[in-house]
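K.L.:
A predicted structure for the sequence below; I have some questions about it.
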Amino acid sequence: MRILYLTSEAYPLVKTGGLADVAGALPRALREAGEDVRMVLPAYPSVLDRAEGKGVRVSVGDPLGIGETGLIPARLPGSDQFLWLVDNPIYDRAGGPYVDSQGEGWRDNHIRFALLSRVAAMITVAGGFLGWKPDIVHANDWQTGLVPAYLARWDGVVTPTVFTIHNLHYQGNFDPWVLSSVALPPEMFSLSGVEFFGRVSFMKAGLQYSRKITTVSPTYAREIQTPELGMGFNGLLASRSADLHGILNGVDYDIWNSAADPHIPARYSASRMAGKAECKTALQRELNLTEDPNAPLIGMVTRMTGEKGLDLVLDALQPILETGAQLAILGAGDSYLERSFAVAAAGKPGRVGTRIGFDEPLAHRIQAGSDMLLVPSRSEPCGLTQLYALRYGTLPIVRHTGGLADTVIDIGDMDLGTGLVFGAPDPNDLIDAIRRGVELFARKTDWRKVQKRAMSEDFSWLRAARGYAALYRDML
């Protein structure tokens, strides 16, 4: 099958969150399974700098009246994964892919990502000018939500589209006046079109016009059909439940593997664990924590938002520390939460270590050096950090929601357990789970048994790729 895979970010070219990890791994896994996958993403400066094998630029004209646009063929670094980079001055600016250097969303994001979708739609219907035309178009999150809408408008287009929700919180909602600037007709601004509470929603366009909808875990697929987690789309999603599929994300074990990780001070495996103790000591030193092998070290690698349950950790901070545990935290996001964790680290020297920002190598060192990884999310479409933690022998402490519920088994079942699971988004439930983890940590034989089982779990991308390939074949 020929699959056009559309994304706004992909590791290692550009990354702000889990979407980049998925986009950097799933297309390659599909290729390894025998599919012909070509990716499309914007030619941000970092992408142009890091992409390999760049070829001759092909002009596609001026699809949205903002200037001449081209496609640059290239490859994902370190692989044979083919890319088309959408090249236009609108992407050539300092800052992140979605926000400026001050953290404010780009005012023209509607145009920037409509252009990405429009070019992908052009490849789909007129791929002959590139010598390649897809059988399937796979779009991801609101930034690519207009692809199914564009294809729905163009007569004779029968190419099936898949739209994957990575996080329903981020919807790409804009004022109604943007409709004409993104080349959609007035009649599409309706309940059965792209209108969402009086605004134009790129997310709704993907949900409304795609042939199939997927999300990144089976539990999240059920949760988003409820008012509690549907973010206003629960009615639409429930009406399309037959087309909605939850396919669990995977892990790229070439990148996240304690036995071969170049970012950690000592490598280790389930049969040779000595290196993990070295990683713990090194992490304690790096984050100015007391170097104590007997202190349970709890790591967090997270966006700092309320959705991620960071406020629960602040509310429970003193009881957590009273268990004897230390905290190692890496993240960025809400300025109040950033300040609060920085203050916590300053006020609890040797007990709390905080780094604000995005630091990929440090994320690896936290996974390797921690004893447990805390993921207290109020909602979590899939979660990847808990999957990485399992491979590193770092037992996850997670709330029972979304993909966390699908991937971590509580140690209440000592024959199957791989971590600690708590129910309510409540500080008391979180503290109880941490206390149970600390108690298990003190029972070294039982701890080692669960640790070894966690490291044997297999969440490879090949398994996920087979699920997507089956869905593609069903549509064809």
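P.N.:
Alright, I've got the coordinates. Numbers count the residues shown, from 1 in each chain.
K.L.:
quick one: low-confidence ranges for this protein?
P.N.:
For the chain, residues meeting the criterion pLDDT under 70 lie at 155-156.
K.L.:
quick one: the helices in the stretch 301-450 of the chain, in order.
P.N.:
310-315, 317-322, 335-347, 360-369, 385-391, 402-407, 427-442, 444-455 (DSSP state H, counting those that start in this stretch).
K.L.:
mind giving me the packing neighbours of the second one?
P.N.:
Right, the one you point to is helix 317-322. Using 3 or more C-beta pairs under 8 Å, 6 or more residues apart in numbering; DSSP states H and E, the elements in contact with helix 317-322 are strand 326-333, helix 427-442. C-beta here means a position set from N, CA and C on the backbone, and glycine is covered the same way.
K.L.:
next one: the fourth one
P.N.:
Applying 3+ C-beta pairs under 8 Å, 6+ apart, one finds that helix 360-369 makes contact with helix 274-286, strand 297-304, strand 326-333, helix 385-391.
K.L.:
what's it in contact with?
P.N.:
With contacts defined as C-beta atoms under 8 Å, 6 or more residues apart in numbering, helix 360-369 is touched by 15, 256, 258, 261, 263-265, 268, 276, 279-284, 286, 297, 299-301, 328, 330, 355, 373, 385, 388-389, 392, 394.
K.L.:
same question for the first one.
P.N.:
Contacts of helix 310-315 with the rest of the structure, by C-beta under 8 Å, 6+ apart, involve 300, 302, 304, 320, 327, 331, 334, 337, 340-341, 344, 374, 376, 425-427, 430.
K.L.:
how about the second one?
P.N.:
For helix 317-322, the external contacting residues (C-beta under 8 Å, 6+ apart) are I298, V313, L327, A344, K348, R351, V352, P427, I431, I434.
K.L.:
separate out the buried members of the residues you listed.
P.N.:
Buried members of the contacts of helix 317-322, scored by 16 or more other C-beta atoms under 10 Å, are I298, V313, L327, A344, K348, R351, V352, P427, I431, I434.
K.L.:
residue contacts, the last one?
P.N.:
Translated: I434. I434 neighbours (C-beta under 8 Å, 6+ apart): I298, A316, I320, T323, A325, M372, L374, I397, L420.
K.L.:
hey, which of the helices and strands packed on helix 317-322 is tucked in deepest?
P.N.:
strand 326-333 (a mean of 23; mean count of other C-beta atoms under 10 Å).
K.L.:
ok, that strand: who's next to it in the sheet?
P.N.:
Strand pairing for strand 326-333, using DSSP bridges, gives strand 297-304 (parallel), strand 352-356 (parallel).
K.L.:
distance to G232 added to these, as JSON lines?
P.N.:
JSON lines is the format used below for the strands paired with strand 326-333 (distance: least, C-beta to C-beta, whole Å):
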{"stretch": "strand 297-304", "distance to G232": "21"}
{"stretch": "strand 352-356", "distance to G232": "31"}
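K.L.:
need the winner for burial among the ones you listed.
P.N.:
Each of the strands paired with strand 326-333 was scored by mean neighbour count; the highest is strand 297-304, a mean of 24, by mean count of other C-beta under 10 Å.
K.L.:
how many degrees apart are that one and helix 274-286 in direction?
P.N.:
60 degrees (axes from the mean of the first three to the mean of the last three C-alpha atoms, to 10 degrees).
K.L.:
could you write out the alpha-carbon coordinates of strand 297-304 in PDB?
P.N.:
The C-alpha coordinates for strand 297-304 follow below in PDB (Å, rounded to 0.1, in the frame of the first residue of the first chain):
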ATOM      1  CA  LEU A 297      13.900   8.200  43.600                       C
ATOM      2  CA  ILE A 298      10.700   9.200  41.700                       C
ATOM      3  CA  GLY A 299      11.100  10.800  38.300                       C
ATOM      4  CA  MET A 300       8.800  12.900  36.200                       C
ATOM      5  CA  VAL A 301       9.200  13.900  32.600                       C
ATOM      6  CA  THR A 302       6.200  15.900  31.600                       C
ATOM      7  CA  ARG A 303       4.400  18.900  30.200                       C
ATOM      8  CA  MET A 304       3.600  21.100  33.100                       C
END
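K.L.:
would you list the helices and strands packed on helix 360-369 in TSV and tack on distance to P63?
P.N.:
Compiled in TSV, those are given as follows (distance: least, C-beta to C-beta, whole Å):
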stretch	distance to P63
helix 274-286	48
strand 297-304	33
strand 326-333	34
helix 385-391	38
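K.L.:
among these, which comes closest to F202?
P.N.:
F202 sits nearest to strand 297-304 of all the helices and strands packed on helix 360-369, at 20.6 Å, using C-beta to C-beta.
K.L.:
residues making contact with that closest one?
P.N.:
Here strand 297-304 makes contact (C-beta under 8 Å, 6+ apart) with 17, 280, 283-284, 289, 308, 310, 313, 320, 325-334, 337-338, 341, 363, 366-367, 369-375, 385, 389, 394, 397, 434, 437.
K.L.:
pull the distance from that strand to the chain's centre.
P.N.:
Chain-centre distance of strand 297-304: 15 Å, with C-alpha atoms, centre = their mean, to the nearest Å.
K.L.:
swap in stretch 441-461?
P.N.:
Remark: stretch 441-461 is offset 24 Å from the chain centroid, using C-alpha atoms, centre = their mean.
K.L.:
buried residues in it, which are they?
P.N.:
F441, W447, K449, V450, Q451, R453, A454, M455, F459, W461.
K.L.:
can you get me a residue count around A20?
P.N.:
Look at A20: counted by other C-beta atoms under 10 Å, it has 20 neighbours.
K.L.:
surely L30 touches A464?
P.N.:
No: counting by C-beta atoms under 8 Å, A464 is not a contact partner of L30; they are 9.3 Å apart.
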